[in-house]
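Chemist: no FASTA, just this:
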């Protein structure tokens, strides 16, 4: 359907399969689609909506174009495409606020794929394991379309969790060379007891790509040390696609960075006044190039306000070193301001995740009448075992000092995550705001 829609000049808006029918309906109310294609489990509920809903099982053996002509009364016989017209709609991951509907043109998608190929992100006759939701940009951009362009093979899974216990067996079975994941999947692999693992099973793997969320250096290093497979940081936004690639095949490569930009993009670091700053200085990452979004659906004002001197402002803080390598530091809106001092929560998360009993951590600023914000960390431990807060503070204090030390820990069974596996810190912040009590 994806490729048929693009070839037929139809704007496509994919969704991850795991969204329930109510979530899908609430999202598509805005775009008012002509046809909604779904699988059997969603069909019963979606068909009760006001939209034209089609069960994909009913399309078997039918011409997609003939079907469209009959349902839409539009002539699809001409397949010429205006390269600047919108091809696909995607939603931003929504980690820091309301979701935005992103427009991508045919031209931007083709150019980004070509740029990645020039960087040898995917080599010809590769074999990719596709474990991320097809409704998410990473699965389509970094696996499906890359493989289509390189005569490569895609092995599709309903989800990583169906593959988890047999991961290494399937890598050997298919001779897999690549897999794109998110940090939470790497953490899950690290915490799975693979009794029959041996390096011979994974000789075919060139590297694993990881994106969509901050990858702590200690997770990257631990994975590479344990499984002997390099982890490549792939940086980008829903609005930009992948803009940076930490190629683990390069001599002298070091972990903990997001690499260098693909040749399609020009990247600069800006201060809070919108001025370009020098190497080694932290500021907001700005990106320019023909691979960016075409616009925000029905929100031209938001689109225009997202740029500074032709550079799309990512809302991410980072810096470039004197070798031209870029580093991601944190989301601009995630920065904790304690007593007027900016604190990077991902630094605290990385320290917490280096604790042998901690699987995941998410640190936020908790509203405080005196300090503005104090530091609170949400923690997921192995087997749900709580760690004595005093012991955890001592552990953190050695690496963070007193000022950056979390004043509070809360233990959870799991952290809230979006479709792409990103930890939704806004959910945790909202939880804290809702729990504020004021004295009468």
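Modeler: That came through, no problem. Computed from a predicted structure; not experimentally measured.
Chemist: residue nearest the centroid of the chain?
Modeler: residue 212 (1.8 Å; CA atoms, centre = their mean).
Chemist: For my notes, confirm that residue occurs in a helix.
Modeler: No. Membership of residue 212 in a helix is not supported by DSSP: H, G, I helix; E, B strand; the rest coil, which gives coil.
Chemist: Touching, it and residue 417? I think so.
Modeler: No. Residue 212 lies out of contact with residue 417 (CB atoms under 8 Å); the separation is 10.2 Å. The way it works is simple: take the backbone N, C-alpha and C, and place the C-beta from them, glycine included.
Chemist: which residues in the stretch 151-300 of the chain form helices?
Modeler: All helices of the stretch 151-300 of the chain, identified by DSSP state H, counting those that start in this stretch, fall at 160-163, 167-174, 183-190, 217-227, 300-305.
Chemist: Switch the ones you listed over to JSON lines, and while doing so, append mean neighbour count and mean pLDDT to every line.
Modeler: Compiled in JSON lines, these are given as follows (neighbours: other CB atoms under 10 Å; pLDDT from 0 to 100):
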{"stretch": "helix 160-163", "mean neighbour count": "15", "mean pLDDT": "89"}
{"stretch": "helix 167-174", "mean neighbour count": "17", "mean pLDDT": "96"}
{"stretch": "helix 183-190", "mean neighbour count": "20", "mean pLDDT": "86"}
{"stretch": "helix 217-227", "mean neighbour count": "17", "mean pLDDT": "91"}
{"stretch": "helix 300-305", "mean neighbour count": "11", "mean pLDDT": "94"}
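Chemist: Compare these and give me the one nearest residue 199.
Modeler: helix 217-227 (8.1 Å; CB to CB).
Chemist: In contact with residue 81, which residues?
Modeler: With contact taken as CB atoms under 8 Å, 6 or more residues apart in numbering, residue 81 is in contact with 6-7, 9, 87, 106.
Chemist: confidence score at it?
Modeler: Residue 81 is assigned 77 on the pLDDT scale.
Chemist: separation between it and residue 27?
Modeler: Counting by CB to CB, to the nearest Å, the gap from residue 81 to residue 27 is 26 Å.
Chemist: Repeat that for residue 102.
Modeler: Residue 102 is 13 Å from residue 27, by CB to CB.
Chemist: same deal with residue 231?
Modeler: 32 Å.
Chemist: Could you list the low-pLDDT ranges of the stretch 201-350 of the chain?
Modeler: Where the stretch 201-350 of the chain drops to pLDDT under 70, the residues are 339-340.
Chemist: tell me the strands in it, going along the chain?
Modeler: 207-210, 231-237, 241-245, 260-261, 266-270, 283-288, 295-296, 307-308, 311-320, 326-331, 336-338, 341-343 (DSSP state E, counting those that start in this stretch).
Chemist: any idea which of those strands is most buried?
Modeler: Most buried of these by mean neighbour count (mean count of other CB atoms under 10 Å) is strand 241-245; its value is a mean of 27.
Chemist: How far does it sit from its chain's centre?
Modeler: Between the centre of strand 241-245 and the centre of its chain there are 11 Å (CA atoms, centre = their mean, to the nearest Å).
Chemist: got it, and stretch 238-250?
Modeler: With CA atoms, centre = their mean as the basis, stretch 238-250 stands 12 Å off its chain's centre.
Chemist: Pull up the distance across it, start to finish.
Modeler: The first and last residues of stretch 238-250 sit 27 Å apart, counting by CA to CA, to the nearest Å.
Chemist: Distance to residue 92 added to the helices of the stretch 151-300 of the chain, as TSV?
Modeler: Listed next are the helices of the stretch 151-300 of the chain as TSV, based on distance: least, CB to CB, whole Å:
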stretch	distance to residue 92
helix 160-163	22
helix 167-174	30
helix 183-190	18
helix 217-227	24
helix 300-305	11
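Chemist: Tell me which of these lies nearest to residue 38.
Modeler: Judging these by CB to CB, what sits closest to residue 38 is helix 160-163, at 20.1 Å.
Chemist: For that closest one, which outside residues touch it?
Modeler: With CB under 8 Å, 6+ apart as the criterion, helix 160-163 contacts 129, 131-132, 157, 170, 181, 185, 188.
Chemist: now do 10 Å
Modeler: 129-133, 155, 157, 167, 169-171, 179, 181-182, 184-185, 188-189, 421 (CB atoms under 10 Å, 6 or more residues apart in numbering).
Chemist: And for the closest residue in space to residue 293 that isn't next to it in sequence, the neighbour number?
Modeler: Spatially, and ignoring its direct neighbours in sequence, residue 293 is nearest to residue 239 (4.5 Å; CB to CB, 6 or more residues apart in numbering). Counted with other CB atoms under 10 Å, residues neighbouring residue 239 total 22.
Chemist: Identify the residues contacting residue 239.
Modeler: 90, 92, 100, 102-104, 137, 287, 292-293, 295-296, 303, 306, 312, 314-315.
Chemist: One more: residue 139?
Modeler: 14, 16, 128, 130-133, 145, 154, 156, 180, 420.
Chemist: If we use 6 Å, what do you get?
Modeler: With contact set as CB atoms under 6 Å, 6 or more residues apart in numbering, residue 139 has these partners: 130, 132.
Chemist: Any idea what residue 154 is bridged to?
Modeler: For residue 154, the beta-bridge partners are residue 128 (DSSP bridges).
Chemist: Could you check the pLDDT of it?
Modeler: For residue 154, the model assigns a pLDDT of 98.
Chemist: just to revisit the earlier point, now distance to residue 397 too, for the strands of the stretch 201-350 of the chain, in JSON lines please.
Modeler: Converted to JSON lines, these look like this (distance: least, CB to CB, whole Å):
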{"stretch": "strand 207-210", "distance to residue 397": "30"}
{"stretch": "strand 231-237", "distance to residue 397": "29"}
{"stretch": "strand 241-245", "distance to residue 397": "33"}
{"stretch": "strand 260-261", "distance to residue 397": "36"}
{"stretch": "strand 266-270", "distance to residue 397": "31"}
{"stretch": "strand 283-288", "distance to residue 397": "29"}
{"stretch": "strand 295-296", "distance to residue 397": "44"}
{"stretch": "strand 307-308", "distance to residue 397": "39"}
{"stretch": "strand 311-320", "distance to residue 397": "25"}
{"stretch": "strand 326-331", "distance to residue 397": "21"}
{"stretch": "strand 336-338", "distance to residue 397": "16"}
{"stretch": "strand 341-343", "distance to residue 397": "15"}
